[in-house]
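> With the sequence up front, the predicted model follows.
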Number of protein chains: 2
Amino acid sequence: MKILLKISYVGTNYCGYQVQPNGISIQQRLNEAALALFGVPCDIVGCSRTDSGVHANEFCATVAKKGTDVLDTGIPIEKIPLAFSAHLPTDICVFDARWVSSDFHARYDVKEKEYIYRFYNRPVRDPFWEARACHVPKPLSDADLDRMQAAANLLVGTHDFAAYMAQGSKVESTVRTIYRAEILREGNSICFRVSANGFLYNMVRILAGTLLAVGQGKLEPADIEAITEKKDRSLAGSTMPACGLYLNHVVY
Amino acid sequence: MKILLKISYVGTNYCGYQVQPNGISIQQRLNEAALALFGVPCDIVGCSRTDSGVHANEFCATVAKKGTDVLDTGIPIEKIPLAFSAHLPTDICVFDARWVSSDFHARYDVKEKEYIYRFYNRPVRDPFWEARACHVPKPLSDADLDRMQAAANLLVGTHDFAAYMAQGSKVESTVRTIYRAEILREGNSICFRVSANGFLYNMVRILAGTLLAVGQGKLEPADIEAITEKKDRSLAGSTMPACGLYLNHVVY
């Protein structure tokens, strides 16, 4: 048995999830906390590799003793979140923990992931959204958001999403299934919430940029079909900045 | 004529609003931005003095040429928010500007101020609320919040609020009029929103601590009357940390 942690973090001060030679990663902080809490070096296996500046409302990772698939601890599982968080900096926390079998894999066993891309919409930047959402100064009307939703609807289903992948990425297949794609307004905040069985590199940030282009009238909702069909990255919208991206939910 | 600015800021990295010998203040940043934008040293007069770590959704301040009550500028007033913000760090911005008469006073002419004190309620701390709200780990039920609202209702009106003032503060009168006092839950977040013709030093943070004590069953709602009556600081609740406090609205 090993432990599956649910983690949330503000990604602003990190070089991303994955351990890097230059810069502090989320994984490094989890490694340090696991060593401090369990008294042995541990392997931390995460559900994905978020980029520098990307946030997580819910990130999943397993902890086992280094080089093994088991973890020995006398700490009751319900006390793990508080105990683990006590060894983490204030911009990372563990909010849930459960035992999983030794053959569970935090990355390969993911059935569905949900991301949120967050914009905020007002003429002047907002200090409270700084590094936590992408600033869109020009007003987007309800009709603009309806156009974005119409475009988002055309993404749902099983498609080849090569047009929405960072150029130069290497991957066996660019086919993915999007289960849901929604545009939500709440005050100044506009969210693109998207759930799929997997995502290509930079896919959510490119989809967000493409939907924003639709909202701003640079693309028509129906253009989505042709962009997807042609598998041409240059036809899709810009890659939106990392600061607006949140891993929101992971389903096993 | 001089200019009245509406400003918002994340107070975390500042020693407070007011210029201090040790530490960077919001006012210092406004002074530097005014000099850069208008080309002359300016006097910035703020609506109040927020403490270190306190935030503002809406703070008001006037700008005039140093030693005078006038400001000369060719910049159209509607361009001031963006132009001024361009000279400010990302945790401060100006979101509104208007001309006011030379005898307007940003502090003495305030008729009403509204503050929010923000708690968040869940067992484990939340990285996204870090330094932006006060963590209350033990669950507060809807009934607990009803008790807090019942207590808040007893604060409304004209009272001597000496019991809710930091000890040692010097002030001519401790009588103030509270217009509204509300407890609002939104997800994990619990806000105490209070509006008055003025506040004593630390008054909102002490009121928040007193209402929290009511929610946690340490005080009864009806105790508020006796605490107010006895003018005894030691009977009221703790002074809550600065990070949960937001100046929210100013009425002239």
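Alright, I've got the coordinates.
> The stretch 151-252 of chain A: strands as residue ranges?
Remark: strands assigned in the stretch 151-252 of chain A by DSSP state E, counting those that start in this stretch are A:157-160, A:175-186, A:189-196, A:245-251.
> can you list the residues of chain A near chain B?
Listed as neighbours of chain B in chain A under the rule C-beta under 8 Å from any C-beta of the partner chain: A:8-10, A:55, A:57, A:81-82, A:85, A:90-95, A:122-128, A:130-132. Any C-beta I mention is one placed from the backbone N, CA and C, and that applies to glycine too.
> Can you say which of these are buried?
The neighbour-count test (16 or more other C-beta atoms under 10 Å in any protein chain shown) marks A:8-10, A:55, A:57, A:81-82, A:85, A:91-95, A:122, A:124-128, A:130-132 as buried among the residues of chain A next to chain B.
> These in helices, which ones?
Among these, the ones falling in helices (DSSP state H) are A:81-82, A:85.
> want to throw the residues you listed into a markdown table with pLDDT and distance to residue B:2?
Shown next, in a markdown table, are these (pLDDT from 0 to 100; distance: C-beta to C-beta, whole Å):
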| residue | pLDDT | distance to residue B:2 |
| --- | --- | --- |
| A:81 | 98 | 53 |
| A:82 | 97 | 52 |
| A:85 | 98 | 49 |
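> Using JSON lines, lay out those residues together with distance to residue A:32.
Shown next, in JSON lines, are those (distance: C-beta to C-beta, whole Å):
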{"residue": "A:81", "distance to residue A:32": "17"}
{"residue": "A:82", "distance to residue A:32": "17"}
{"residue": "A:85", "distance to residue A:32": "13"}
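> who's in contact with the nearest residue to residue A:95 once chain neighbours are set aside?
Nearest residue to residue A:95 in three dimensions, chain neighbours excluded: residue B:124, at 4.7 Å (C-beta to C-beta, 6 or more residues apart in numbering or on different chains). For residue B:124, the contact set (C-beta atoms under 8 Å, 6 or more residues apart in numbering or on different chains) comprises A:81-82, A:85, A:93-95, B:137.
> Look up how far chain B lies from residue A:108.
27 Å (C-beta to the nearest C-beta, to the nearest Å).
> right, I mislabeled it, should have said residue A:101
25 Å.
> Could you double-check that residue A:145 lies in contact with residue A:212?
No. With contacts counted by C-beta atoms under 8 Å, residue A:145 stays clear of residue A:212, the gap being 10.8 Å.
> Who has more neighbours out of those two?
More crowded of residue A:145 and residue A:212, by other C-beta atoms under 10 Å in any protein chain shown: residue A:212, with 24 against 18.
> distance of the closest residue in space to the more buried one that isn't next to it in sequence from residue A:97?
The shortest distance from residue A:212 to any non-neighbouring residue, by C-beta to C-beta, 6+ apart, is to residue A:237 (6.2 Å). Using C-beta to C-beta, to the nearest Å, we find residue A:237 at a distance of 39 Å from residue A:97.
> same thing with residue A:214?
Distance of residue A:214 to residue A:97, given as C-beta to C-beta: 41 Å.
> Among these two, which residue is more densely surrounded?
Neighbours per residue (other C-beta under 10 Å) separate residue A:214 from residue A:97, with residue A:214 holding more: 25 against 21.
> If you drop the residues flanking it in sequence, what lies closest to that one?
Setting aside the residues directly before and after it, residue A:214 is nearest to residue A:151 in space (C-beta to C-beta, 6+ apart), at 4.3 Å.
> again with residue A:7
Residue A:7 sits nearest to residue A:59 (C-beta to C-beta, 6+ apart), 4.5 Å away.
> and if you look at residue A:84?
Spatial nearest neighbour of residue A:84, excluding adjacent residues (C-beta to C-beta, 6+ apart): residue A:94 at 4.3 Å.
> pLDDT value on that neighbour, please?
You'll see residue A:94 listed with a pLDDT of 98.
> Next up, the contacts around it.
Shown in contact with residue A:94 (C-beta under 8 Å, 6+ apart): A:5-7, A:80-81, A:84-85, A:88, B:124.
> can you name the two of those residues that are farthest apart?
The two members of the contacts of residue A:94 with the most space between them (C-beta to C-beta) are A:6 and A:88, at 13.1 Å.
> if I pick the spatially closest residue to residue A:123 that is not a sequence neighbour, what's in contact with it?
Spatial nearest neighbour of residue A:123, chain neighbours left out: residue A:137 (5.3 Å); criterion: C-beta to C-beta, 6+ apart. Counting by C-beta under 8 Å, 6+ apart, residue A:137 makes contact with A:121-125.
> now, which of those residues lie within strands?
Residues of those located in strands (DSSP state E): residue A:121.
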